[in-house]
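A.B. asks: Structure of the sequence below:
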Amino acid sequence: MPSITRRRTANVGRPTSAEAEILAATQRLLINGANFTELGVREICAEAGVARSTFYSHFRDKIDLLTRLATELMASSFDVTSAWAPPDGAERLADVFLRVVRVYREHAAVRRALTEVAAYDATVRDFWGREVEQFTAWTITLLRAEQEAGRTPAGLDPVSATRVIVMGGERALVDHVTSGDPGDDAAFARELALTWWHGVYRRPADQEG
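C.D. replies: Residues are numbered from 1 along each chain as shown. Presented below is the predicted three-dimensional model:
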């Protein structure tokens, strides 16, 4: 397995057209089946039509490139999800999850690369953990507010419940996008929403221990 070269520094600034070309080129290569670990900087530069020096003026290394691609996936997902609030109800949550499924489909190749690289690179694992944490913190905050308002049972453990629905939901999303029929996206999103809604947000009080 080829190693991924690390460089310590890179210029940091506003996105440029060259940077956008490199990101787009990498995503195209991944969509076409490239293995990220085996994908070389030279190949990425050739696809983007830029010099290697240009690559390293925008990215420290391939890990920096991958996390930059993944940031778009997570930012888009969080923007969509955080627009929802419990007063919007379960059907609105289903609509939100359908939009998230579409984001995951658009970035499926990048999500696959994250899984690939996280298996051996601690930087990517830590990055992914921090990204998921924003969903976790947001959900815990919502659940505690709902408990205070008396709409979610007081006996529910917000931290444990959040771990189940956020981590389980993300894995279900990946599995569906990887192997599910796009024609089933709406049904999947609705089932995920109802699981969150009735299992956690509006769990019947008589189901509490």
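
A.B. asks: going forward, measure contacts between C-alpha atoms and count neighbours the same way
C.D. replies: Noted.

A.B. asks: Now do the buried residues in stretch 89-100.
C.D. replies: For stretch 89-100, the neighbour count (16 or more other CA atoms under 10 Å) marks 90, 92, 93, 94, 95, 96, 97, 98, 99, 100 as buried.

A.B. asks: Can you tell me the element the fourth one falls in?
C.D. replies: With elements taken from DSSP states H and E, the one containing residue 94 is helix 90-106.

A.B. asks: What mean pLDDT does that helix get?
C.D. replies: For helix 90-106, the mean pLDDT works out to 97.

A.B. asks: Which helix or strand lies directly C-terminal to it?
C.D. replies: With elements assigned by DSSP H and E, the helix or strand that comes after helix 90-106 is helix 108-118.

A.B. asks: report the angle between the axes of that next one and helix 90-106?
C.D. replies: Between the axes of helix 108-118 and helix 90-106, defined by axes from the mean of the first three to the mean of the last three CA atoms, to 10 degrees, the angle is 70 degrees.

A.B. asks: Run the chain-centre distance for helix 108-118.
C.D. replies: Helix 108-118 sits 10 Å away from the centroid of its parent chain (CA atoms, centre = their mean, to the nearest Å).

A.B. asks: Return the set of buried residues in it.
C.D. replies: Buried, per 16+ other CA under 10 Å, within helix 108-118: 108, 109, 110, 111, 112, 113, 114, 117.

A.B. asks: Which strands or helices does the longest helix seen in the chain pack on?
C.D. replies: Ranked by residue count and defined by DSSP state H, the top helix of the chain is helix 122-148. On a contact count with 3 or more CA pairs under 8 Å, 6 or more residues apart in numbering; DSSP states H and E, helix 122-148 meets helix 62-81, helix 108-118, helix 158-162.

A.B. asks: could you give the mean pLDDT of whatever helix or strand comes next after the last one?
C.D. replies: Following the chain from helix 158-162 toward its C-terminal end, the next helix or strand by DSSP H and E is helix 168-179. Along helix 168-179, the predicted local confidence has a mean pLDDT of 96.
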